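1. Give the three-dimensional model of this entry:
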Amino acid sequence: MAGSGAESAGVKLIEWEDLQQELARLWSLSSALKKAKERKETLARKLESVIQERSEYLHQTNEIEEMRQKLEAQKLAMGDLLLRSKRTAENVKDQNEQLCFDIRLLLVASKMLSAAHQQLQEANKLLSGERGHGHLRNLQKMVHARQQDMVAQVSALYPVKASGEQSSGVKCDVNGTETGYAHPSNMSKPSQMSSFSILDLQLPALPLKKTSLFGDKKELQRSATALGYVAHAVLLIAAYLDVPLRYPLRFGGSRSYIHDYAPSTDLTSSDLASGSISVMGMTPKPAEFPLFLEGQDSTRATYAIFLLNKDIEQLLNYVGAQSLGPKHVLPNLKELMRIILAKEYIAM
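-> Below you'll find the model as predicted:
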């Protein structure tokens, strides 16, 4: 009954004879279990060590990857920097070559400047020497003095006076009021050409009227003589001043002519046939206009007087003065002589 109850409770009954074997088996199982636990613990420690090493390895691998990426970025930056450095080196080389070229040019310019400075010093020495600028000014004063002396003789030979003028040192206006010497800009313009005379002869009033066959021949001769006096005075003054006249004069006393090189606007076949115009070069010969009225067209004579006044205006401009007008031949001539005979002319 006991054996059946124990078996029903799940308890194994061992015989006494088998007890020792069972104990030995239990002891060996207990030893094996203890060894298994020890081995388990050993494996657990090894596994933890391996896991830790693996974790450290992964961490190091991540760090290495990050470092590799940083290295690649630095390589790219270094490549870009190297490229820019290469370009900069090329630019520096080009600038160095340009600088060397500029330096060579500067050296050449410096030598040229030094030579020019030396020439300038030599020129200054020449100017400051005995035959320098002062000598030239002295020569100019001597020439002006000589010109003044010769024009004074022309003024004495052909005196131009206003109506009522008493002496060559006093100038009167058209009303006979003494005005003294005056600058051209302050000189009053005469109202009539007849208020001035040359050697007591007056010029004909402009515009000239058409002469008739029964005109006063003595009056025509007097006007022609006066124009001849003016032409001769202008020729002499121009020669003394060494000024080539724009409208040359052919002096013939009371039968003088003045030339105009302006081409004619109407060219006829008769002009070509007469040879007054060169067909090949189309260079016209100067047209002559009479400085007298007897037997001449009044229009041509008027134009001749106008050209004569332009010559006097040219001489006035040469001495730094202005004309008093296109109809004031004698006043312009008188003003020209006054300026040349003034003391200031020598220092001009």
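
2. What distance do you get for the closest residue in space to residue 313 that isn't next to it in sequence to residue 309?
-> Nearest residue to residue 313, sequence neighbours excluded (Cβ to Cβ, 6 or more residues apart in numbering): residue 323, at 3.9 Å. (C-beta placed from N, C-alpha, C; glycine too.) Distance, residue 323 to residue 309, using Cβ to Cβ, to the nearest Å: 7 Å.

3. circling back: wait, the residue nearest to residue 313 sits on residue 312?
-> Yes: judged on Cβ atoms under 8 Å, residue 323 makes contact with residue 312 at a distance of 7.4 Å.

4. Who are the contact partners of residue 198?
-> Taking Cβ atoms under 8 Å, 6 or more residues apart in numbering as the contact definition, residue 198 lies against 158, 159, 160, 226, 229, 230, 233, 330, 333.

5. any shared contact partners between residue 323 and residue 309?
-> Common neighbours of residue 323 and residue 309, counting by Cβ under 8 Å, 6+ apart, are residue 332.

6. Show me the contact partners of stretch 341-348.
-> 141, 144, 145, 147, 148, 151, 152, 155, 181, 319, 320, 339.

7. Which of those residues scores worst on pLDDT?
-> The member of the contacts of stretch 341-348 with the lowest pLDDT is residue 181, at 37.

8. pLDDT below threshold where in this structure?
-> For the chain, the stretches flagged by pLDDT under 70 are 1-12, 14, 128-133, 164-194, 206-215, 263-284.

9. Tell me the first helix or strand C-terminal of the lengthiest helix in it.
-> Secondary structure of the chain per DSSP state H: the longest helix is helix 16-128. Next helix or strand after helix 16-128 toward the C-terminus (DSSP states H and E): helix 133-157.

10. Summarise which helices and strands that following helix is packed against.
-> Applying 3 or more Cβ pairs under 8 Å, 6 or more residues apart in numbering; DSSP states H and E, one finds that helix 133-157 contacts helix 217-241, helix 329-341.

11. Using CSV, please lay out the ones you listed together with mean neighbour count and distance to residue 25.
-> Output for the helices and strands packed on helix 133-157, formatted as CSV (neighbours: other Cβ atoms under 10 Å; distance: least, Cβ to Cβ, whole Å):
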stretch, mean neighbour count, distance to residue 25
helix 217-241, 19, 162
helix 329-341, 24, 163
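
12. between these, which one is nearest to residue 257?
-> With Cβ to Cβ, the closest approach to residue 257 among the helices and strands packed on helix 133-157 belongs to helix 217-241: 8.9 Å.

13. Next secondary structure element downstream of the closest one?
-> Next along the chain after helix 217-241, taking DSSP H and E as the criterion, comes strand 249-250.

14. List of residues touching the helix or strand following that next one?
-> Elements were assigned by DSSP H and E; along the chain past strand 249-250, the next helix or strand is strand 257-260. By Cβ under 8 Å, 6+ apart, the surrounding residues in contact with strand 257-260 are 231, 247-250, 286-291, 303-304, 307-308, 311.

15. Neighbouring strands of strand 257-260 in the sheet, and parallel or not?
-> Applying DSSP bridges, strand 257-260 is found paired with strand 249-250 (antiparallel), strand 287-290 (antiparallel).

16. Alpha carbons of it, in CSV - could you do that?
-> C-alpha atoms of strand 257-260 as CSV (Å, rounded to 0.1, in the frame of the first residue of the first chain):
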residue,chain,number,x,y,z
TYR,A,257,45.2,149.3,-109.3
ILE,A,258,44.4,146.7,-106.6
HIS,A,259,44.3,143.0,-107.1
ASP,A,260,41.7,140.5,-105.9
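
17. residues of that strand that come out buried?
-> 257, 258, 259, 260 (16 or more other Cβ atoms under 10 Å).

18. ok, so of the residues you listed, who is nearest residue 23?
-> residue 260 (167.8 Å).

19. For the closest one, name its beta-bridge partners.
-> Beta-bridge partners, per DSSP bridges, of residue 260: residue 287.

20. on that earlier part again, just the buried ones from the contacts of strand 257-260?
-> 231, 247-249, 287, 289-291, 303-304, 307-308, 311.

21. I'm done for today, thanks for sticking with me.
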